[in-house]
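*Asks:* Return a 3D structure for these sequence lines:
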Amino acid sequence: MGFKALGLDCFPAEDSAEAGKILRTLTRESDEEYAIIYIEETFAEQLKGEINKFKDSPSPAIILIPGREGSTGQGLQALKAAVERAVGTNILGD
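*Replies:* Okay, the predicted model is just below:
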């Protein structure tokens, strides 16, 4: 709910199925256009196919963030891969 306090729209999901439904709604059917969508890393593995559809699109940028349990490292891996695709080399290091 910290994001809501910052004025961002929040769409809580109980599981990956619900998160997938919300993601599809935000990217296809929404009247509002979202430039950035944050998804917890815990849902990312199950939503990999949906998320990968947007990896080369400028909008929406789908950013993986740690959940309550902490980071799984997927968000950092995704960021490194995106930078490498954009720049042509890994400038972030290991």
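*Asks:* Residues contacting whatever helix or strand residue 37 lives in from elsewhere in the structure, which ones?
*Replies:* Residue 37 is located in strand 36-40, with elements delineated by DSSP states H and E. For strand 36-40, the surrounding residues in contact (CB atoms under 8 Å, 6 or more residues apart in numbering) are 3, 19, 23, 26-27, 47, 51, 60-67. Just so you know, the C-beta spots here come from the backbone N, C-alpha and C atoms, and that holds for glycine as well.
*Asks:* Out of those residues, name the ones that lie in helices.
*Replies:* 3, 19, 23, 51 (DSSP state H).
*Asks:* now whichever helix or strand residue 85 is part of: mean pLDDT?
*Replies:* Using DSSP H and E, residue 85 sits within helix 74-87. Helix 74-87 comes out with an average pLDDT of 76.
*Asks:* and that helix, which residues are buried?
*Replies:* Neighbour-count burial for helix 74-87, counted by 16 or more other CB atoms under 10 Å, picks out 74-75, 78.
*Asks:* All set now, cheers.
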